[in-house]
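# My questions are about this predicted structure, shown below with the sequence.
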Amino acid sequence: MQLLFYIIVVTLFPLGVGVETALLHALGPGVLWVAALLASLLSLPRLFGSDFADGALEQIALSPYPLPALISGKILAHWLTTGAPLALLSPLLALQFGLDAHESAALIIGLLLGTPTLSLLGAIGAALTLGLRSGGALLALLSLPLYVPILIFGAAAVSATHAGLGAAGEFSVLGAALLVSAVGAPLACAAAVRIAMD
Amino acid sequence: MTSINWFRYASPVSFFPLARRLAVGFGAAAAMLAAIGLWLGLFVAPADAQQGEAYRIIFIHVPAAWMSMFVYAVMAAWCAISLAFNARLAAMMAQALAPTGALFTAIALWTGALWGRPAWGTYWAWDARMTSELVLLFLYFGYIALHHAIDEPRRADRASAVLALVGVVNLPIIYFSVMWWNTLHQGASVSLTAAPRMAAIMLTAMLVMSLAAWFYAIAVTLTRVRAIILERERRAAWVADLAGAAR
């Protein structure tokens, strides 16, 4: 579902800003990344929501295995069903914006490195807003500021490739962010889930 | 010899009167320092050789920017204490600090925009320091919104404490942004280890204004924490006694 959302949002931009090739090429990386951010955000409430509603999350929290490890599994599953297909589809959408093969490669590598971080950071917001009435808008307010660095470096990787500079630096930052959040985010999520339980 | 009870003021009952005395003291000191600082900054300090009179916004801008980061750090520290020791008053302090921090962040961004117009020819640029300061403002808003969204105060305290601690990663990014990315915003003119690169009178005025901002933050936070204590403890006997005595 969020894959269709991603495709539609990306398609809306050329219709809104006009179909001038140079303009679309300049906007492309940013549009694709912002759409990926929004698609990731859209799917976040379901990460813990249904499990929280039917009590499965409580059983997970009570199990003898460490909660952060189990939550890491849930986040990985979330990424495999949202971030990964989105990253694999992005070269096709990049064609709509006239990105060449090198830029598409930078886009897909950036998304593969960046979208797991989005899932990890977003999961913290999803766990903190469990069971709240104003969950959706609040989730956006909590998650999007944390997404900003990923957006900046992800889009910068494509721009740097276009400028012929190579994107190794941007990929290193995205990879570092992924490693740090892979270690820290499940712990914060576990704390947030336990807070939501009592 | 009686031992000192280190946790005496961790209880809202005994902290409440102390907070009032401290708030009055720090409030008076803040008003006095602000008067001295503004006098030094607006009348005594000479005009800048390059920027003329426009640079005087520094006396508001820099203290506000410092306080925006410092208040977040203090808030996160109270959040960590409240999570680690399950301390009620620490969570109330964090809750009371958030609006003041958001205010200073907004002032820093606003005065920065007003200063940017004459100095750089633009109100806003997507420079690393400005962007990360804007993200800090969103973090404050997120903290306040999450706290408001949860009805049960203890759950609200703990959930927003987790959020505040996650947001701490932004602080070093703001602080070092002018060194890591060489963009529009200038580097630090003041440091603890090197001689300052500005006139002594300007530096004095700026430091006095920073102290004023700091004391103001303390006074306002303590006043706000008193309101939060009253609100949360409204069913406690000592609050009823207090209300009876006031009536």
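Perfect, thanks for sending it.

# rest of the way, CA atoms for contacts and neighbours
Will do.

# Tell me which residue is most central in chain A.
residue A:118 (3.4 Å; C-alpha atoms, centre = their mean).

# What separation is there between it and residue A:174?
Distance of residue A:118 to residue A:174, given as C-alpha to C-alpha, to the nearest Å: 11 Å.

# Now the common contact residues for these two.
residue A:150 (C-alpha atoms under 8 Å, 6 or more residues apart in numbering or on different chains).

# any residue of the host helix or strand of residue B:172 up close to chain A?
According to DSSP states H and E, residue B:172 maps onto helix B:170-180. No. Contact of helix B:170-180 with chain A (C-alpha under 8 Å from any C-alpha of the partner chain) is absent, the minimum separation being 8.6 Å.

# next SSE after that helix?
In N-to-C order, the element after helix B:170-180 by DSSP H and E is helix B:200-232.

# helices and strands around that following helix, which ones?
Other helices and strands packing on helix B:200-232, by 3 or more C-alpha pairs under 8 Å, 6 or more residues apart in numbering or on different chains; DSSP states H and E, are helix B:12-39, helix B:58-85, helix B:88-120.

# average pLDDT for whatever helix or strand comes next after it?
Tracing the chain past helix B:200-232, the next element assigned as helix or strand by DSSP H and E is helix B:237-246. Mean per-residue pLDDT for helix B:237-246: 79.

# quick one: helix B:237-246 to helix B:200-232, angle?
100 degrees (axes from the mean of the first three to the mean of the last three C-alpha atoms, to 10 degrees).

# Please work out which residues outside helix B:237-246 touch it.
Against helix B:237-246 from outside (C-alpha under 8 Å, 6+ apart): B:13, B:230, B:233, B:234.

# what's the spacing between the longest helix anywhere in chain A and its chain's center?
When chain A is parsed with DSSP state H, its longest helix is helix A:168-197. With C-alpha atoms, centre = their mean, to the nearest Å as the basis, helix A:168-197 stands 12 Å off its chain's centre.

# Which strands or helices does it pack on?
helix A:56-62, helix A:67-81, helix A:101-128, helix A:135-162, helix B:153-167.

# Give me the buried positions along the first one.
It refers to helix A:56-62. Within helix A:56-62, the residues that count as buried by 16 or more other C-alpha atoms under 10 Å in any protein chain shown are A:57, A:58, A:61.

# what stretches of chain B score poorly on pLDDT?
Applying pLDDT under 70 to chain B picks out residues B:1-2, B:49, B:178-198, B:247.

# which phi and psi does the residue of chain A positioned farthest from its centre have?
Largest separation from the mean C-alpha position in chain A: residue A:64, at 30.0 Å (C-alpha atoms, centre = their mean). Main-chain dihedrals, residue A:64, degrees, to the nearest 10: phi -70, psi -10.

# check contacts around it.
Counted by C-alpha under 8 Å, 6+ apart, residue A:64 has zero contacts.

# got the buried residues for the host helix or strand of residue A:31?
Assigned by DSSP H and E, residue A:31 belongs to helix A:21-43. By neighbour count with 16+ other C-alpha under 10 Å, helix A:21-43 contains the buried residues A:24-25, A:27-43.

# so which of these also contact chain B?
Within the buried residues of helix A:21-43, nothing lies near chain B by C-alpha under 8 Å from any C-alpha.

# quick one, which of the helices and strands packed on helix B:200-232 is nearest to chain A?
Smallest distance to chain A across these (C-alpha to the nearest C-alpha): 9.9 Å, for helix B:58-85.

# which parts of that closest one are buried?
Quick answer for helix B:58-85 (16+ other C-alpha under 10 Å): B:58-69, B:71-83.

# what angle separates that helix from helix A:168-197?
Using the same axes, to 10 degrees: helix B:58-85 against helix A:168-197 is 50 degrees.

# could you check the angle helix B:88-120 makes with helix B:58-85?
150 degrees.

# So is helix B:58-85 next to chain A?
No. Figure legend: helix B:58-85 not in contact with chain A (C-alpha under 8 Å from any C-alpha); closest approach 9.9 Å.

# packing partners for that helix?
helix B:88-120, helix B:153-167, helix B:200-232.

# Quick check: buried residues in the last one?
By neighbour count, with 16+ other C-alpha under 10 Å as the criterion, the buried positions of helix B:200-232 are B:202-203, B:205-226, B:228-230.

# do the same with the first one
Along helix B:88-120, these residues count as buried under the neighbour rule (16+ other C-alpha under 10 Å): B:88-109, B:111-116.

# before we move on, what about the second one?
For helix B:153-167, burial by neighbour count (16+ other C-alpha under 10 Å) applies to B:155-167.

# From the contact counts, what lies against that helix?
helix A:101-128, helix A:168-197, helix B:58-85, helix B:88-120, helix B:128-149.

# and it, how far from the chain's centre?
18 Å.

# same thing with stretch A:64-77?
For stretch A:64-77 - counting by C-alpha atoms, centre = their mean - the centre lies 18 Å from the chain centre.

# One more: stretch A:107-122?
Distance, centroid of stretch A:107-122 to centroid of chain: 5 Å (C-alpha atoms, centre = their mean).

# pLDDT of that stretch, averaged?
91.

# which residues sit against that stretch?
Counting by C-alpha under 8 Å, 6+ apart, A:29, A:33, A:36-37, A:40-41, A:44, A:75-76, A:78-79, A:83-84, A:87-88, A:90-91, A:143, A:146-147, A:150, A:154-155, A:157-158, A:171, A:174-175, A:177-178, A:181-182, A:185-186 sit against stretch A:107-122.

# please redo it, this time with the cut-off set to 7 Å
A:40, A:44, A:75, A:79, A:83-84, A:87-88, A:90-91, A:143, A:146-147, A:150, A:154, A:157-158, A:171, A:174-175, A:177-178, A:181-182, A:185 (C-alpha atoms under 7 Å, 6 or more residues apart in numbering or on different chains).

# before we move on, back to that, hey, which of the helices and strands packed on helix A:168-197 is tucked in deepest?
Ranked by mean neighbour count, those are led by helix A:101-128 with a mean of 25 (mean count of other C-alpha atoms under 10 Å in any protein chain shown).

# between that one and helix A:67-81, how many degrees?
Using the same axes, to 10 degrees: helix A:101-128 against helix A:67-81 is 140 degrees.

# Hmm, residue A:94 is touching residue A:104, no?
Yes. Counting by C-alpha atoms under 7 Å, residue A:94 touches residue A:104, with 6.3 Å between them.
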